[in-house]
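# how does the following fold in three dimensions:
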Amino acid sequence: MSTDVATDQVLLIARDVFSSMIDGEEGHLNAWDGPTPEVEDAVHAWVDMFGEISGRAVLTTATPTAHDLARALLGLPADEEVSHDDLVDAFGELANVVGGNIKALMPDAAKLGLPTVAATVPVLDGALRVQELALSWRGRPIVVELWVLLGAA
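Numbering: from 1, shown residues only. Have a look, this model is predicted:
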C-alpha cells in the first residue's frame, strides 16, 4: 500500500470484486461523479496490513447500502432482514478481499489482519491517508480509503 498505488488500480480492484462477488456482472460500480459525498448513517469495514509498509484499507457506506451488499453477497432475497452477524460477515469480507488485492500491490508481501466492521473507525496513530476514492454502486456512495502508517518498518 505504498503511496504509488494509483487511484485507477484501486478502482479496478473494487470493480473486479464487486462484479464477481456482488453483481455477477460488470458495470454497477463506477467512480463517483463529483466531490466525495458525506455518507450518512455510515458503516465502516477495514483490514489492517502489516509489513515493510503498514496501514489500513477502509470501505465506508450507508448502513442500508451495506445491508443490500450483504444480501447480494449472501444470496438473500431483497426483502429479507440482514442480521448484525450477517452484515459483519459480508461487509467485512468485502473489505478483506479489496484489502487483500491492494496488499498484493505492496512491495513486500505484507500480512493482512482480520476484517473489522463498526460504526466508527478507530484512529490509526501515526497514519496518513494516502488515497480516498469515492465510488458509486448503483447510484449509492461507497468510499475506499487507504492509510499508511508513517515510520513503520
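
# contacts, neighbours, all on C-alpha from now
Noted.

# packing partners for the strand or helix carrying Asp89?
Applying DSSP states H and E as the criterion places Asp89 in helix 84-103. Counting contacts by 3 or more CA pairs under 8 Å, 6 or more residues apart in numbering; DSSP states H and E, helix 84-103 packs against helix 7-17, strand 42-50, strand 55-62, helix 63-74, strand 111-112, strand 116-118.

# so how far is Gln131 from the residue nearest the centre of the chain?
Nearest to the mean C-alpha position of the chain, by CA atoms, centre = their mean, lies Leu59 at 3.0 Å. Leu59 is 12 Å from Gln131, where distance means CA to CA, to the nearest Å.

# tell me, what's touching the two both at once?
With contacts taken as CA atoms under 8 Å, 6 or more residues apart in numbering, Leu59 and Gln131 have 144-145 as neighbours in common.

# Gly92 is in contact with Thr116, isn't it?
Yes. Counting by CA atoms under 8 Å, Gly92 touches Thr116, with 6.0 Å between them.
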